[in-house]
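Engineer: Predicted coordinates and the sequence they were generated for:
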Amino acid sequence: MTYYGGKQLADAFRTVRNNTIQIAEDIPEDKYGFTPSPESRSIGQTLAHIATSTTFPTMLHGERIPIEKIDFAEYMKKVGAAEAALQTKAQIVAKLKEAGDAFAKLLEGLTDEKFFAEAITFRAGATPPSRTRFDLLLAAKEHEMHHRGQLMLMERMIGIVPHLTRAQQARMAQMQAAAKN
């Protein structure tokens, strides 16, 4: 028996995606071209990358395409084109919402413990050589959180206090005000 399955994965992913959407909405569109360094993705490119990032886990776990049948060069071309097609803030936010909802629904529908435990073996030379489907599904959320951390730093660089920091500051102010009474 497991205590963390598809519903819990979906709930956790929705929380992460909603925070990403809030960041996308908080940043003015004229700042989407900001890059912290010449070789870095811009804010808009990072958000577009996140918006398309559930494509691979959807193929692997939702469509159940065997990993050995995925042409990674072709896949990377398609994902690159999909990212590049997201040019405006409105397009990016809409894709974040649409793709996030679809992936969360996929996760929610996964209930078979044997499915979660199944090992996916990667091509020769990969490290690690295999991972469970559960681990790979969790990795989709971790990947987004990694890039969201980058976005929060970029928010600071353009003069925006991230929404999670603002919320924490408001809670602290309330607690301090209550302590004075």
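Structural biologist: That came through fine. Numbers count the residues shown, from 1 in each chain.
Engineer: so how far is stretch 57-77 off the chain centroid?
Structural biologist: Centroid displacement of stretch 57-77 relative to its chain, using Cα atoms, centre = their mean, to the nearest Å, is 18 Å.
Engineer: can I assume Leu107 sits in a helix?
Structural biologist: Yes: read with DSSP: H, G, I helix; E, B strand; the rest coil, Leu107 is one of the residues of a helix.
Engineer: which stretch of helix or strand covers the closest residue to it other than its chain neighbours?
Structural biologist: Closest residue to Leu107 apart from its sequence neighbours, by Cβ to Cβ, 6 or more residues apart in numbering: Ala10 at 3.9 Å. (C-beta placed from N, C-alpha, C; glycine too.) Assigned by DSSP states H and E, Ala10 belongs to helix 6-26.
Engineer: so what does that helix touch, helix or strand wise?
Structural biologist: Counting contacts by 3 or more Cβ pairs under 8 Å, 6 or more residues apart in numbering; DSSP states H and E, helix 6-26 packs against helix 43-52, helix 89-108, helix 133-157, helix 163-180.
Engineer: Ok, which of those helices comes nearest Asp71?
Structural biologist: Among the helices and strands packed on helix 6-26, the nearest to Asp71 by Cβ to Cβ is helix 43-52 (17.1 Å).
Engineer: Can you tell me what sits against the closest one?
Structural biologist: 20, 23-24, 27, 31-35, 41, 79, 82-84, 86-87, 89, 92, 95-96, 99, 144, 147-148, 150-151, 154, 158 (Cβ atoms under 8 Å, 6 or more residues apart in numbering).
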